[in-house]
Structures are given as C-alpha cells and as structure tokens.
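1. Okay, structure incoming, though there's no sequence with it:
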C-alpha cells in the first residue's frame, strides 16, 4: 500500500511516498479466505513534525469476522395433574402424594444459533519512506494549515473510535441480556412481572429486533448518538431486571 504526499499551491508536487508492508500477507491468510470475514480496513496515524514534515507513525489493519454461537432457551415446566383416583386404590400413601410427584419437565428445547461479530486487529509495523527531491521551506501559514488539516483528521478518527465503542457496547448488552434470560431459566421469572412468560417473550423479541437492526439493517452504519440511545434503552431495562433480582 502506497501513500503519496503532495505540496505546493496546486498540490501537484510530490515530496514523499510511504509504503506500508504486510497488507498482502493479511489478505492471503487462511482467515481471509472464509466467507464470513470482511476485507481489511486500514487505519493510518500521521503526525506533523516541528519542521513541517508529515510523518506516518502508525498503520493498522482490521477485519470483521461474523460467527455463530449456540444458546439454549430456558426449559418450561408443565404441571400435570394426577388423574382421578379410583376409590378401590386410595390409601394413605396416595392421599399424601405431593404436587411435585405430578409435575413432569417438558423436553429440553433445542439450542438456537445466534450471530456475533468481532474485530481482529493487525499491526503494520513495516513502513518505508522515500523523499522526492528537495523539501521546500514551509511558511508559518502553511504549517498552520497543515496542522489544522491534521486536527480535522484526528477528530474524524476520534469520532470513528467513539462510534465503534458505542456500537460494541450496544452489541454486548444484547448478548449479555439474552444470556441472562436464557441461562437463568426459572430462577429469574418472578422478576419479570405478573405474566413472566409473556414478558420474557417480548424481551427476547426486542433483543432479536435489536440484533437484526445492528447486523443486517441501518445499524451497520449508524451514528454514535443512535448507538448510544439504543444502548441506554436496552441497558436500562436490563439494569432494572438485575436490580429486582438483587432485592430478593
């Protein structure tokens, strides 16, 4: 990968060329041959030195991998009342039979497959630089203009980093809440309100809707504000459930 740096009033004078090594090796790796892995995205970090030269300090490539995990839904117990007892078989033992003797567990639900995504970073440490001709003297105004341009790129990078974090936080609370609902089974159902089964079904549906929005809908390219609003909404519900559990 080559990055060319130009200068001059019309930006036509080539002064430096940076060559980042290692991207081809990443693209040809076994991981990148999978259909569920994206192409590498390269992030570059530049710095303007005191002499007015642009320096490439860091290069990093990232790939996103989508994979599936199996989650077992909670098993529902069904109560089976004993059939009417025949009078000639009634004795003291049958009269003292408890409800637990008449309760049978439903078949264990089949595991569900859930999509997840993770980012895998690769450091690109082999960076070569070639200077072309003599470097022109940069005026104070030109240096300031270059610094302003670098600050603009830094703000864009910071915004992208903040957005990526908000996206990951939203994705994490989806998986954490689903795991809490499914792994706790009947232990948490009384915290869900008057109709636990209906409440749980609604929450699982909301989680599925959020995950679909995140992976297959508008969420793939949403803004920091959108991710944050959805995270706060879902995490607020999750926090209330956990707080009810702690109170008991």
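-> That came in fine, so what should we check first? Owing to the predicted nature of the structure, the values given are computational and were not obtained by experimental measurement.
2. For residue 27, which non-adjacent residue is closest in space?
-> Excluding the flanking residues, the one nearest residue 27 by Cβ to Cβ, 6 or more residues apart in numbering is residue 40, at 6.3 Å. The C-beta positions use only the backbone N, C-alpha and C, and glycine is treated the same way.
3. what about the strands in this protein?
-> Counting by DSSP state E, the chain has these strands, from start to end: 2-7, 13-20, 41-48, 54-71, 77-79, 103-105, 112-123, 127-131.
4. shaky segments in this structure?
-> Counting by pLDDT under 70, the chain shows low-confidence ranges at 8-9, 11, 50-52, 73-108, 132-140, 184-194, 217, 247-248.
5. residue nearest the centroid of it?
-> Centroid-nearest residue in the chain, with Cα atoms, centre = their mean: residue 168, separated by 3.4 Å.
6. How much space separates that one from residue 149?
-> Taking Cβ to Cβ, to the nearest Å as the criterion, residue 168 is separated from residue 149 by 29 Å.
7. Can you get me a residue count around residue 41?
-> Residue 41 has 11 neighbouring residues, counting by other Cβ atoms under 10 Å.
8. Looking at strand pairing, list the partners for it.
-> Beta-bridge pairing of residue 41 under DSSP bridges involves residue 62.
9. now swap in residue 55 and tell me
-> Assigned bridge partners for residue 55, using DSSP bridges, are residue 47.
10. Might you report the residue contacts of it?
-> For residue 55, the contact set (Cβ atoms under 8 Å, 6 or more residues apart in numbering) comprises 46, 47, 48, 49.
11. For ChimeraX, write a command that selects the buried ones of these.
-> The ChimeraX selection below is limited to those of those classed as buried (16 or more other Cβ atoms under 10 Å):
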select :46,48
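12. if we can go back for a sec, how about the strands of the chain, which one is nearest residue 213?
-> Comparing those by their distance to residue 213 (Cβ to Cβ), the top pick is strand 112-123, with 12.6 Å.
13. which helices and strands does the closest one pack with?
-> Contact here means 3 or more Cβ pairs under 8 Å, 6 or more residues apart in numbering; DSSP states H and E; on that basis strand 112-123 packs against strand 54-71, helix 140-183, helix 196-216.
14. is it true that residue 62 touches residue 124?
-> No. With contact taken as Cβ atoms under 8 Å, residue 62 and residue 124 are classed as non-touching, separated by 10.8 Å.
15. between the two, who's got more neighbours?
-> More neighbours surround residue 124 than the other of residue 62 and residue 124, with 20 against 15 (other Cβ under 10 Å).
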